[in-house]
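J.: Fold the following.
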Amino acid sequence: MNAKAKGYLLGAVAAATYGMNPLFALPLYKAGMDSDSVLFFRYLFAIVILGIMIKTRGRTFRIARREVVPLVVMGLLVALSSLTLFQSYHYMEAGIASTLLFVYPIMVALIMAVFFKEKITLQTVVCILFALGGIGLLYQGEDGATLSMTGIILVMVSALAYSIYIVGVNQSSLKQMATVQLTFYVLVFGFILFLVRSRFGTDLTLPARWYQWGNLIALAALPTAVSFICTTQAIQYIGSTPTAILGALEPVTAVIFGVTLFGESLTPRLVLGILMIILAVTLIIAGGSITTQLVRFRKLFPKLLRPRR
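T.: Reported below is the predicted structural model:
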């Protein structure tokens, strides 16, 4: 398997596992845990898992001094993205929140264009408008009720923080850092946010049942450790924008779990909105190949020379 194929596969796994957040988080909310407590244990257990992986592989925990500041910034961005996304679950259905989060690939494309001079094509602009139209369909339900503006703002902040993280990993000295080590320190520095918010553990809410600890461990393993490792490796193989676009599997996974396990509604209007967002961002990654194919198709039918008068 070549590097590009590995990158796409890793990006797909990262997206699918990240979409499992509601699967493990919502039962904990129902049991009385708050967002900060859930995320505190999520990050803590993920750090332990990654620490064991580094130790068993014989890797070093040592990092260069110049890597500390970028790691702190990346860690806080990831923690902010997690916090705002998990808080949004209190204001809207998890499937819709995960779908709204999927605007982050568009944010990645815009950041790359504005700050790193990647070209924005007409197709990209159309895709952005398409995605905004999809969000508009999600904003208003079949009964005329609109989504919580607080929830929407939280998801948009989450998407922006995650977008900056994806670009930052690819455009900084961290790009050459070992994947597991990078993910470990990103989570370590991100954990500081939840440590402070929980007043160093004094305000934590513990699971009410013993088996709910399994939800926290699964939350740490799949949507956190596995997802972030695969995301980082995918970025190193195929770059920021393609990795971001593969996030199409995130809302799909979240919606499937939301509808099948948590009884969330799925109306034709919402389906259309979801499809518009997924189509928009998918076209962004396929833009280059689509343009190439259109040019080839056009060459099959060259313009006839007009006769001179």
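J.: what residue ranges in the stretch 101-250 of the chain score low on pLDDT?
T.: 138-145, 248 (pLDDT under 70).
J.: can you map out the strands along the chain?
T.: With DSSP state E as the criterion, the chain has no strands.
J.: Next up, the contacts around Leu275.
T.: By CB atoms under 8 Å, 6 or more residues apart in numbering, the contact set of Leu275 is Gly134. Where C-beta positions appear, they are placed from N, C-alpha and C, glycine not excepted.
J.: How much space separates it from Pro251?
T.: Using CB to CB, to the nearest Å, Leu275 is found at 10 Å from Pro251.
J.: next one: Ile47
T.: 27 Å.
J.: ok, those two, which is more surrounded?
T.: Comparing Ile47 with Pro251 by neighbour count (other CB atoms under 10 Å), the higher total belongs to Pro251, at 24 against 21.
J.: looking at it, the more buried one is touching Ile277, isn't it?
T.: Yes. Using CB atoms under 8 Å as the test, Pro251 is close enough to Ile277 to be in contact (7.4 Å).
J.: anything in contact with each of the two?
T.: Shared contacts of Pro251 and Ile277 (CB under 8 Å, 6+ apart): Thr99, Phe102.
J.: count of neighbours near the residue nearest to Ser82 when sequence neighbours are not counted?
T.: Closest residue to Ser82 apart from its sequence neighbours, by CB to CB, 6 or more residues apart in numbering: Leu39 at 5.6 Å. Per other CB under 10 Å, the neighbour tally for Leu39 reads 27.
J.: what does Met1 give?
T.: Met1 has 8 nearby residues by other CB under 10 Å.
J.: And the residue lying closest to it once chain neighbours are set aside, what's its pLDDT?
T.: Excluding the flanking residues, the one nearest Met1 by CB to CB, 6+ apart is Leu9, at 7.5 Å. Per-residue confidence at Leu9 stands at 88 (pLDDT).
J.: How many residues are close by Leu9?
T.: Counted with other CB under 10 Å, the neighbours of Leu9 add up to 16.
J.: and it, how far is that from Ala3?
T.: 11 Å.
J.: And Leu283, by the same measure?
T.: From Leu283 over to Ala3 the distance is 24 Å, taken as CB to CB.
J.: the more surrounded of those two?
T.: The neighbour count for Leu283 versus Ala3, taken as other CB under 10 Å, is higher for Leu283 (17 against 10).
J.: my guess is Ala131 meets Ile106, correct?
T.: Yes. In this structure, Ala131 is within contact of Ile106 by CB under 8 Å, at 5.7 Å.
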